[in-house]
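[1] Mind folding the following:
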Amino acid sequence: MRRLIGDRRARRSEGLFVVEGPRAIDEAVAAGLEFEEQFVPADRPDTAVAAAGPARLLGPGVFERVAPTQHPRPPIAIVRQRSPDVDRVLTGASLVLVLDRIADPGNLGTIIRSAEAAGADAVVVTPESVDPSNPKVVRSAAGSLFRLPVIEATLGDVAAAGLVSWGTTSHDEHAPTDYDRADLTGRVAFVLGTEAHGLPAEAEHDIDRWLRIPHVGPAESLNVAMAATVLVFEAQRQRRR
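    Reported below is the predicted structural model:
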């Protein structure tokens with residue numbers, strides 16, 4: 001279990017992720033996910049979630065050592081991920097968030113949560129991004145990871161599916177359109193880059209159009225999760241209109 005928590009490659013190769021706490025496990029149960037194992041402290045067997053299957057009891061101090069957080073709340077479960085068909089998801093999608101080399105797991109989880117709340121069809125992470133099965137992503141997504149398709153693909157894959165890619169920028173060199181003046185009612189993919197540097201130059205040939213979120217105050221830019229939230233809710237506002 002400790003290997004799965006700390007080893008991204010092991011989680012990906014086995015299609016598993018770690019879920020901590022009764023609320024998150026209830027969300028996974030409700031989403032119909034398959035549970036591999038469940039763990040609770042030996043002195044707290046009553047914390048097991050019955051719907052997640054039999055629980056393995058861990059001796060004194062063991063639960064705290066294997067948990068992904070400093071002050072874990074039992075139980076912890078190993079859950080098998082769904083493997084959605086990438087081409088099918090992209091071909092059928094009309095609103096997608098594409099995250100290119102996002103590094104912070106808290107940002108990724110928050111974006112997944114916002115995407116589901118706004119009615120997006122999928123979140124795409126490029127191969128260089130943080131692993132969606134990272135326990136911090138699972139926690140910050142607050143259950144949305146279990147329901148919304150989160151797939152690994154490239155910007156080229158998104159373009160091949162016929163989605164119009166809108167890159168996000170705070171610079172004028174691309175002559176960006178203010179986000180609330182752009183027509184976002186078609187098949188749209190918002191592309192956001194790294195927290196520190198935005199989209200790399202090599203990604204620009206896969207971007208069809210550019211957006212910006214105008215600032216009134218002197219702040220240089222928004223946090224990437226905040227920017228993604230603003231954009232995806234604006235797209236849905238236009239679609240409801």
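
[2] and V124, what are its phi and psi?
    V124 adopts backbone torsions of phi -110, psi 130, taken as degrees, to the nearest 10.

[3] Could you tell me how many residues sit around S170?
    By other Cβ atoms under 10 Å, the residues close to S170 number 15. Backbone N, C-alpha and C define where each C-beta goes, glycine included.

[4] In terms of pLDDT, where does it sit?
    On the pLDDT scale, S170 is placed at 73.

[5] strands paired with the lengthiest strand in the chain, and their directions?
    Counting residues, the longest strand found in the chain (DSSP state E) is strand 34-41. Its sheet considered, strand 34-41 pairs with strand 56-58 (parallel), strand 76-80 (antiparallel) by DSSP bridges.

[6] Please name the residues that touch D121.
    By Cβ atoms under 8 Å, 6 or more residues apart in numbering, the residues touching D121 are V89, G92, A93, S94, L95, V96, P149.

[7] Try it again at 6 Å.
    If you count contacts by Cβ atoms under 6 Å, 6 or more residues apart in numbering, D121 has them with A93, L95.

[8] ok, back up a step: can you tell which of the strands paired with strand 34-41 is closest to P41?
    Closest to P41 of the strands paired with strand 34-41 is strand 56-58 (Cβ to Cβ; 5.9 Å).

[9] Which of the helices or strands spans the residue nearest to the spatial centre of the chain?
    Centroid-nearest residue in the chain, with Cα atoms, centre = their mean: I112, separated by 3.8 Å. Element membership for I112 (DSSP states H and E) is helix 105-117.

[10] So what touches that helix?
    97, 102, 123, 130, 134, 136-137, 140-142, 144-145, 148, 224-225, 228-229, 232.

[11] pLDDT at A67, what is it?
    87.

[12] That one: neighbouring residues, count only.
    23.

[13] ditto for the one 5 residues further on
    Residues contacting P72 under the criterion other Cβ under 10 Å number 17.

[14] now swap in G32 and tell me
    9.

[15] which helices and strands sit right next to the top helix by length along the chain?
    Using DSSP state H to define each element, the chain has its longest helix at helix 224-240. Counting contacts by 3 or more Cβ pairs under 6 Å, 6 or more residues apart in numbering; DSSP states H and E, helix 224-240 packs against helix 105-117, strand 188-192.

[16] rerun that using 7 Å as the cut-off
    Counting contacts by 3 or more Cβ pairs under 7 Å, 6 or more residues apart in numbering; DSSP states H and E, helix 224-240 packs against strand 95-99, helix 105-117, strand 188-192.

[17] closest to R82 out of the ones you listed?
    Nearest of the helices and strands packed on helix 224-240 to R82, taken as Cβ to Cβ: helix 105-117 at 13.9 Å.

[18] Report the residue spans of this structure with pLDDT below the cut-off.
    1-14, 195, 200 (pLDDT under 70).

[19] Tell me how many other residues crowd the closest residue to A118 other than its chain neighbours.
    Spatial nearest neighbour of A118, chain neighbours left out: V232 (4.2 Å); criterion: Cβ to Cβ, 6 or more residues apart in numbering. Residues lying near V232 (other Cβ under 10 Å) number 25.
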